[in-house]
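Student: here is my input; please provide its structure:
(one chain, ligands or ions: 1)
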Amino acid sequence: MMQQITDKVYYVGVNDRVKYRFEGLWALPSGVSYNSYLVVDEKVALIDTVDVAFFAEYLEKIRNVIGGRPIDYLVINHMEPDHSGAISLIRKYYPDIRLVGNARTFGMVSGFYGEDAEGGVEVKDGDVLSLGRTELTFYLAPMLHWPETMVTFDADRGILFSGDAFGCFGALNGAVLDTQMDTSVYWPEMERYFAAILGKFCAPVQTALKKLSPLPIRMICSTHGPVWTAEAARAVETYRRMSAGETAEGVVVCYGSMYGNTQRMAEAVAEGAAAAGVRKIVVHNLSVSQPSFVLADIFRYKGLAIGGPTYNGGLFPVVEDLLKRLAGRSVAGHKLAAFGGFTWSAQAVKVIESYNEKMKMEPVAPSVEWKQGPDAGALERAYALGRALGEAVREA
Ligand code: FEO
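Tutor: Got it, this is the predicted structure:
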């Protein structure tokens with residue numbers, strides 16, 4: 001069916017309800033959409049494409065809108081293959097289509113797909129492409145979240161074709177516009193998407209938000225999730241808040257445990273945080289919880305307690321995996337409580353503290369270490385650590 005968004009603008013994206021892990025990494029319990037748009041004026045522009053696995057459905061959607069009419073331009077806001085994957089096939093079906101991208105885009109078109117950019121339109125920041133009445137203006141937004149990323153603005157309709165920015169996980173269940181659906185499921189998925197995909201790029205997100213702030217945006221057409229109209233401001237505010245590192249009062253307790261000893265310490269930490277009056281406490285067993293959900297909670301809340309046992313002369317792998325992910329993300333504003341156990345050689349706490357040299361969180365108390373099974377004294381120290389963390393996030 002044809003899905004018209006507004007005058008001359010159509011949705012031709014697809015839903016992926018099959019992929020197990022986005023980027024091979026991030027769980028997709030509700031799927032994901034790859035959004036693409038057609039602007040049909042005197043000239044026709046296709047804005048981004050979709051994962052190539054969905055090409056047959058994609059082509060049918062395009063033809064449902066424009067029939068046998070040719071497409072004049074393919075605007076490439078972002079080259080990650082969930083959006084660029086269909087470029088080669090689109091060029092086969094529409095051989096006269098002209099690629100529109102910036103200087104970095106065309107190198108990637110060649111690098112990923114062996115395609116030349118013959119006939120391409122290379123745009124610079126602020127350049128305008130006329131489709132007739134519609135004029136598209138391009139704004140470079142590097143590292144949002146790749147070097148070539150840019151956004152496209154239709155000033156007449158106030159539409160920002162934003163690429164991944166303001167996107168979220170979750171396939172679209174019938175409707176495309178936020179005004180025609182219950183959007184409540186998408187907001188936590190936007191936070192999870194941000195934490196997983198954009199969490200390393202908070203500074204470029206802030207730069208882009210400042211650059212785009214003068215634009216009279218009435219509608220946001222991103223490459224993942226709903227089209228934001230009535231709730232566009234909330235989408236912008238979510239990205240602003242998360243990229244600024246603003247967190248709510250709350251504590252996330254993350255731990256790994258082989259035989260339950262670290263888990264008992266984690267429970268004591270959580271009890272201590274609760275005793276300090278913190279109401280929002282999330283506990284993640286890192287052997288069970290999916291990393292993107294853990295990261296989303298860490299981006300939500302001010303306090304992080306992290307603990308694990310020593311393992312093979314280092315730190316228990318699932319705990320170190322989380323630390324590696326955090327070391328590459330903007331989380332410096334957090335309060336930290338570390339705890340770690342050992343059987344004969346104490347390493348866990350040392351490893352956690354060494355990762356914090358990159359994470360730059362503020363420790364609220366000395367790390368807690370214990371040997372073998374935690375005795376009452378160790379559990380009391382874990383409780384006190386949790387209490388100190390709880391008090392710190394309440395004061396912040
Ligand atoms: Fe949705 Fe960065 O690709």
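Student: ok and the residue in the stretch 101-250 of the chain nearest the ligand?
Tutor: residue 164 (4.4 Å; CB to the nearest ligand atom). No exception for glycine: its C-beta is placed from N, CA and C like everyone else's.
Student: ok, that residue touching residue 225?
Tutor: No. In this structure, residue 164 is not within contact of residue 225 by CB atoms under 8 Å, at 10.0 Å.
Student: is the nearest residue to residue 347 once chain neighbours are set aside in a bridge, and if so with what?
Tutor: In space, and not counting its chain neighbours, residue 347 is closest to residue 310: 4.3 Å by CB to CB, 6 or more residues apart in numbering. Judged by DSSP bridges, the bridge partners of residue 310 are residue 315.
Student: now the helices for the stretch 251-396 of the chain?
Tutor: Remark: helices assigned in the stretch 251-396 of the chain by DSSP state H, counting those that start in this stretch are 261-275, 291-300, 317-327, 348-359, 376-395.
Student: of all these, which one is nearest residue 232?
Tutor: helix 291-300 (21.2 Å; CB to CB).
Student: closest point of this protein to the ligand, which residue?
Tutor: Closest point on the chain to the ligand, by CB to the nearest ligand atom, is residue 80, at 3.4 Å.
Student: contacts only, for residue 144.
Tutor: 163-165, 198, 201, 204-205, 208 (CB atoms under 8 Å, 6 or more residues apart in numbering).
Student: in strands only, show me these.
Tutor: Judged by DSSP state E, those include residue 163 as members of strands.
Student: may I ask which of the contacts of residue 144 has the most neighbours?
Tutor: Sorting the contacts of residue 144 by how many neighbours each has (other CB atoms under 10 Å) puts residue 163 first, at 30 neighbours.
Student: okay, and the beta partners of that residue?
Tutor: Per DSSP bridges, the residues bridged to residue 163 are residue 222.
Student: quick one: pLDDT of it?
Tutor: pLDDT for residue 163: 97.
Student: what do you get for the one 4 residues further on?
Tutor: On pLDDT, residue 167 comes in at 97.
Student: could you look up the SS state of it?
Tutor: Secondary structure, DSSP: H, G, I helix; E, B strand; the rest coil: residue 167 is coil.
Student: neighbours around it, how many?
Tutor: By the criterion of other CB under 10 Å, residue 167 has 28 neighbours.
Student: without its sequence neighbours, what residue ends up closest to it?
Tutor: Nearest to residue 167 is residue 224, by CB to CB, 6+ apart, at 3.4 Å.
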